[in-house]
Structure formats: structure tokens, C-alpha cells
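*Asks:* predicted model, plus sequence, below.
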Amino acid sequence: MCIKKAYLLCPIILIFLFVNPLLLAQNIVTNSDFETGKIGELPDEWQDQKEGGAEGNVFLTDKEAHSGKQSLFIENTNDEGYIHPNKSVKISPGDYIFSFWAKSDKDIEFPAQIYNEADWNILFDTSCSLTKEFTGSIQIGLTSQGRLWLDDVELTKKMEIKQIPQNIKIWDTMAKKRDIGFKPQDKSKWRLLSDDVSNIKGDLAIENNFFIINFCSELGNVLIHSKSGQKRAEIKPVRLKGKDIKLTKCSILGTMNDSIVVETHFSNEDINFPVLFTIDKKQIIEIKSAQGMGGISIYSPIEYGVVPNFISDDLIFDPKYYKEAINIPSE
């Protein structure tokens with residue numbers, strides 16, 4: 001039996017188990033999560049600096065962490081000068097976003113900037129457009145007494161959509177989704193995005209004529225809602241199923257062949273899995289997951305499942321004969 005066409009009212013999901021790392025948005029800061037290095041010492045590839053008489057400490061700790069198991073602790077014990085870690089990075093021309101996670105045990109102001117190491121001028125503190133390559137120094141620290149924990153420092157190229165593909169809409173839900181339900185009237189509170197898709201306050205949602213896919217950061221789940229009825233599919237990595245996870249990163253990489261490519265990271269304190277979703281104007285969602293994820297879990301009522309084979313016959317799974325969960329190998 002050879003079936004090359006299928007007509008479904010719900011989305012068709014194509015799954016690929018490996019992602020070329022070059023397809024992901026590149027954070028040019030190495031050891032940005034501070035997971036490499038010994039507790040009580042500086043992280044690998046980072047230095048510390050005390051300017052103008054500043055006193056204190058900069059070292060790795062496992063007492064606090066935004067993701068993973070470690071963060072960078074900064075303590076200023078006097079009100080003089082500036083104590084900070086610094087990280088040297090080579091930056092090519094382009095538009096960049098500088099971001100990080102910070103925590104303190106009191107209200108505190110602190111500088112965060114990137115200097116040009118050649119002439120020590122401040123280049124930018126949140127975002128900037130650069131016209132030529134240079135080597136910069138990332139500096140985040142304290143100029144007064146206090147304590148600060150840093151994690152997940154990122155410097156990534158800013159993504160702007162030149163033209164959104166026809167019949168596709170990009171939404172900011174304006175609030176983090178707390179449940180898996182969806183009603184059409186929910187969109188009345190959402191914000192439609194056009195060219196700048198980097199500043200999302202809630203969750204990212206992509207809509208075409210057949211479904212709405214919602215990247216729920218707090219739920220750690222990707223939900224696909226069919227527009228033809230109440231059907232819903234929930235997607236997450238097999239290895240993280242049943243665990244407390246979040247989507248720690250969700251960004252649009254750009255457009256490709258009338259499709260939108262979204263990168264998201266499924267994470268808990270031990271694991272961080274990047275996944276690419278390619279969404280076009282049809283009923284097909286392409287998923288590419290990182291090596292070592294162990295596969296993708298899809299929870300949904302389905303009419304039947306098709307595993308396409310572009311050389312020989314397709315495999316068709318009928319729920320009547322597979323009432324329990326089934327694992328389909330990638331080979």
C-alpha cells in the first residue's frame with residue numbers, strides 16, 4: 001500500500017530528531033550559563049576586575065541558578081569603584097541584543113555594558129547596530145555595596161522579519177499562559193506583531209488558516225489548537241515528559257520558503273534542549289530536535305498517524321489497534 005496524500009482536519013506534524021547547531025540563533029558568549037568551572041573560583045573563560053579601589057569577590061556558586069546548577073556571584077564590600085566580571089567576545093557587524101538574568105537580595109542598581117577593548121568606549125547596554133567587527137568586553141557588576149547573582153548572559157543577533165509570509169500571523173499573548181485551554185476570544189487581548197518580533201511580553205503564538213501554535217513558557221509546553229474544532233496537540237521532549245520544565249527561550253529566527261522558523265528551549269535545572277519549529281500556511285508543522293532528546297512526545301486525539309517514507313511505502317498507525325502510547329523509531 002502506498003499513500004502519498006492525506007487529508008486531515010488537524011495539523012500534520014513532521015519530526016526530525018537532529019538539528020544542525022548552525023540553524024539555531026547563535027549566542028556568541030561562550031560559557032554564558034557558568035556551568036563550566038569550579039565552585040568558589042572564576043568560571044572558565046571569564047576574568048574579574050576591581051577598579052577604583054573596589055573590594056569584594058567574584059566566583060561561581062551553586063546556591064542560586066536561573067538555569068542549570070551554577071551562577072556567577074558578585075559581591076561588593078565597599079562603596080568605592082567598580083567590581084565586575086568581564087568576558088572578551090569578537091563581534092561581527094549586525095544588530096544585537098544583550099541580555100542576562102540577575103538576582104539580588106535587595107533593591108540595587110548596577111551597570112551592564114559592552115566596551116570596545118581597543119579604545120574602551122561604551123558600545124551599548126541593551127542593543128546596538130554595529131558596522132564593523134571588533135573585540136568587546138562584557139562587564140556586569142557593582143559600584144556600591146551589595147550582592148548580585150548572574151546567569152545566562154547572551155549576546156545574539158537581533159531578528160527582524162522583513163516580510164511575514166501570507167496567511168500567517170505572529171502574536172504576542174501579552175501574558176504568560178497558565179493553562180492548556182484556548183478560546184477564540186482570547187485573541188482579543190493579544191498583540192499582532194509585524195516587523196519587530198524580539199520584544200515579546202507574554203508568550204509567542206503563530207497562526208495560519210488551520211491552527212494556532214502557542215509556545216507556553218511557564219507551562220513548558222507547545223500547544224497546537226486546530227481551528228476546525230476543539231482538537232489539541234501537546235508537544236514536549238520525551239526525556240522531559242512528566243517533569244517540571246519551562247521554555248527558557250523562544251524566538252523567531254526568520255522566514256524561509258514562505259515559512260516561519262521558531263527556536264525554543266525546553267529546560268529544567270539539569271537539561272536544556274533546543275528545538276526548531278517550521279510553520280507555513282499549510283497544515284504541516286516541521287519539528288527538528290537536538291541530538292540526545294530521546295524523541296518528541298505528541299499527546300493528542302488523532303484520526304490516524306502517518307510516518308512518511310519518500311522512497312518506499314508510508315507507515316500508517318490506526319488508534320483502534322494502538323490504544324496505548326507507542327514509540328516510533330526515527331530510523
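*Replies:* Right, received. Where do you want to start?
*Asks:* can you list the domain ranges for the chain.
*Replies:* 12-25+160-317, 47-157 (automatic domain parsing).
*Asks:* quick one, what contacts residue 174?
*Replies:* By CB atoms under 8 Å, 6 or more residues apart in numbering, the contact set of residue 174 is 189, 190, 191, 201, 202. Every C-beta, even on glycine, is put in place using the N, C-alpha and C of the backbone.
*Asks:* so where do the helices sit in the stretch 201-331 of the chain?
*Replies:* Under the criterion DSSP state H, counting those that start in this stretch, the stretch 201-331 of the chain carries no helices.
*Asks:* tell me where it has strands.
*Replies:* For the stretch 201-331 of the chain, the strands defined by DSSP state E, counting those that start in this stretch occupy 204-207, 211-216, 221-226, 232-237, 246-256, 259-267, 272-279, 284-289, 296-299, 305-307, 315-317.
*Asks:* do you know which of the ones you listed lies nearest residue 182?
*Replies:* Proximity to residue 182 (CB to CB) singles out strand 221-226 among those, at 4.7 Å.
*Asks:* can I get the CA coordinates of stretch 279-293 in CSV?
*Replies:* This file holds the C-alpha atoms of stretch 279-293, laid out as CSV (Å, rounded to 0.1, in the frame of the first residue of the first chain):
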residue,chain,number,x,y,z
ILE,A,279,5.4,26.7,10.3
ASP,A,280,3.9,27.6,6.9
LYS,A,281,0.5,28.4,5.5
LYS,A,282,-0.4,24.7,5.2
GLN,A,283,-1.4,22.1,7.8
ILE,A,284,2.2,20.9,8.2
ILE,A,285,4.5,21.7,11.2
GLU,A,286,8.1,20.6,10.9
ILE,A,287,9.9,19.9,14.2
LYS,A,288,13.7,19.4,14.4
SER,A,289,15.0,18.4,17.8
ALA,A,290,18.5,18.3,19.2
GLN,A,291,20.5,15.1,19.4
GLY,A,292,20.1,13.3,22.8
MET,A,293,16.5,14.4,23.3
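*Asks:* where does the stretch 201-331 of the chain have low pLDDT?
*Replies:* Low-confidence segments of the stretch 201-331 of the chain (pLDDT under 70): 290-294, 302, 304, 310, 319, 322-331.
*Asks:* at 90 instead, please
*Replies:* 201, 219, 221, 225-246, 248-276, 278, 280-331 (pLDDT under 90).
*Asks:* switch the domains of the chain over to JSON lines; also include distance to residue 38.
*Replies:* Listed next are those as JSON lines, based on distance: least, CB to CB, whole Å:
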{"stretch": "domain 12-25+160-317", "distance to residue 38": "19"}
{"stretch": "domain 47-157", "distance to residue 38": "7"}
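*Asks:* figure out which of those is closest to residue 36.
*Replies:* Among those, if distance is taken as CB to CB, the winner is domain 47-157, at 8.7 Å.
*Asks:* who touches residue 72 in this structure?
*Replies:* 34, 43, 46, 58, 59, 60, 61, 85, 149, 150, 151 are the contacts of residue 72 under CB under 8 Å, 6+ apart.
*Asks:* kindly state the beta-bridge partners for it.
*Replies:* Residues in a beta bridge with residue 72, per DSSP bridges, are residue 60, residue 150.
*Asks:* likewise residue 277?
*Replies:* Beta bridges link residue 277 to residue 262, residue 287, judged by DSSP bridges.
*Asks:* residues touching it, list them.
*Replies:* 213, 222, 261, 262, 263, 264, 285, 286, 287.
*Asks:* residue 301 now?
*Replies:* Residue 301 touches residue 231, counting by CB under 8 Å, 6+ apart.
*Asks:* from residue 316, how far out is it?
*Replies:* 17 Å (CB to CB, to the nearest Å).
*Asks:* ok, for the residue most central in space within the chain, nearest residue in space, not its chain neighbours?
*Replies:* Centroid check for the chain by CA atoms, centre = their mean gives residue 249 as the closest residue, at 2.0 Å. Spatial nearest neighbour of residue 249, chain neighbours left out: residue 265 (4.3 Å); criterion: CB to CB, 6 or more residues apart in numbering.
*Asks:* isn't that neighbour up against residue 289?
*Replies:* No - with contact defined as CB atoms under 8 Å, residue 265 does not count as touching residue 289 (11.1 Å).
*Asks:* more crowded one of the two?
*Replies:* residue 289 (24 against 20; other CB atoms under 10 Å).
*Asks:* grab the nearest non-local neighbour of the more buried one.
*Replies:* residue 275 (4.9 Å).
*Asks:* and for the one you found, the neighbour number?
*Replies:* Residue 275: 22 neighbours (other CB under 10 Å).
*Asks:* and the one 3 residues further on, by the same measure?
*Replies:* Burial of residue 278, expressed as a neighbour count using other CB under 10 Å, amounts to 19.
*Asks:* how about it, what does it touch?
*Replies:* Contacts of residue 278 (CB under 8 Å, 6+ apart): 256, 259, 260, 261, 262, 285, 286, 287, 288.
*Asks:* the fourth one: neighbour count?
*Replies:* Residues near residue 261, counting by other CB under 10 Å, number 21.
*Asks:* on the three-state scheme, residue 188 is what?
*Replies:* Going by DSSP: H, G, I helix; E, B strand; the rest coil, the secondary structure assigned to residue 188 is helix.
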